[in-house]
Each structure stands twice: as structure tokens, then as C-alpha cells.
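J.: Below: sequence and its predicted model.
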Amino acid sequence: MAFDPQLSGNLDLLDRRIAGEPSGSSSFEDVLAEYLRQVEAAADQEILTSILLLDPATRRLRHCAAPSLPAAYCEAIDGIEIGPKVGSCGTAAYLGHAIYVIDIACNPLWSDFRDLALSHGLKACWSTPIHGDDGEVLGTFAIYYRTPRAPRPEEIEAIDAINRRVAQAVRAYR
């Protein structure tokens, strides 16, 4: 998942465009979906991305944006309760740190969701928590692959940079 060097510039343009729009002209979900589309377009291979937001009262992740993931998959995971063995996103939100699942088919974190993910052709999922200014977990940013794979160091750096941008957008709209 090497990213096009123009990604940062494209996200800067998106930030400026959003900042110049009248309040309420773009929905929160539309803004985040546009960030994700930019990330997906910049990748050197097919990736599918998502943002889930944490409802602090219920400790459940709610679907927010996922422009390329199958709608049926998004509907099935909407509202999952976070915990120590709840796929990549539920676990990342619960533990507060990145979870890189290389192969969903054999990872115990995915035992309850394995069949669902595999039925949609999802084979790897890397999820990072989105943190608020005070460190609380606001949600997760995830990248899915259709083949099992581990992240390279430069990919982890890119994910961290993208996650910081997504976190800024989430904090701005919350």
C-alpha cells in the first residue's frame, strides 16, 4: 500500500474546500467518505477503507463512512460492542492501539466475524483508533485487503499520517 505522494496535497485541498464551505453544506459522513476515497485512490493496490465512530454511552461502534466496502458488510457490523476479541476495529477501540490482522481466516480476534468478512472477500484488516484531544477513543480508521498481508514500516507511517488527518476531521465535526 504505497501511497501516491500527492495524497497529502489532495487532503490539504479537501481540508481547504471543506473549511470554505458554508456550515452544514456537507454532511459529516460525506466529508469522511471523501477523505477515504482520496486514500483509496492514492493506494498502489486495491484497498477498502472505513471509519467507525464509538458511541461512548453504549461502547458500540457505529458505521460512519466506507465508500467501497459492501453495504451488507457495513450493516452487519454496525453497532458492534467493542472488546478484546472483536475483529480489528472492535479490538483497536477497546485497547486504544493499532491492530494489524494479517490473515482474517486464522486470527482469533476474528472468530465471531470471520465468516462474514470472508464471505465479502475481506482477508486482512488493519485498524487504528481515532483519538480525541484528551486521548479518548472516538472511533477507528481501518484498511481492508482482499489478500492476507502484513504492513511494511512505511505503510504504518502512512497509516499514522492518514489517521491524524481523519482524527482532525472527526474532532472538527464533533
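T.: Received, thanks. Residues are numbered from 1 along each chain as shown.
J.: mind listing the helices for the protein?
T.: Using DSSP state H, the helices found in the chain span residues 7-20, 28-42, 71-77, 87-95, 114-119, 153-173.
J.: Run through the residues that contact residue 99.
T.: By C-beta atoms under 8 Å, 6 or more residues apart in numbering, the contact list for residue 99 reads 88-89, 91-92, 109, 126-128. All C-beta atoms are positioned from the backbone trio N, CA, C, and that covers glycine.
J.: Pull the most distant pair out of the residues you listed.
T.: The two members of those with the most space between them (C-beta to C-beta) are 109 and 128, at 14.5 Å.
J.: Neighbour count: those two, which is higher?
T.: residue 128 (25 against 22; other C-beta atoms under 10 Å).
J.: so who does that one touch?
T.: Residues in contact with residue 128 (C-beta under 8 Å, 6+ apart) are 92, 97-99, 140-142, 159-160, 163.
J.: For residue 57, give me phi and psi.
T.: When quoted as degrees, to the nearest 10, the phi and psi of residue 57 stand at phi -70, psi -40.
J.: For stretch 80-93, measure first residue to last.
T.: 11 Å (C-alpha to C-alpha, to the nearest Å).
J.: same thing with stretch 61-76?
T.: Taking C-alpha to C-alpha as the criterion, the two ends of stretch 61-76 lie 12 Å apart.
J.: in it, what counts as buried?
T.: Residues of stretch 61-76 classed as buried: 61, 63-66, 69, 73-74, 76 (neighbour count, 16 or more other C-beta atoms under 10 Å).
J.: For residue 140, the count of nearby residues, please.
T.: Residue 140 - counted by other C-beta under 10 Å - has 28 other residues nearby.
J.: Equivalent analysis for residue 160, please.
T.: Count around residue 160 with other C-beta under 10 Å applied: 11.
J.: got the contact list for residue 159?
T.: So, once contact is read as C-beta under 8 Å, 6+ apart, residue 159 ends up touching 98, 126, 128, 141, 143, 151.
J.: Neighbour-wise, give me the winner out of those residues.
T.: Neighbour-wise, those (other C-beta under 10 Å) top out at residue 141, 29 neighbours.
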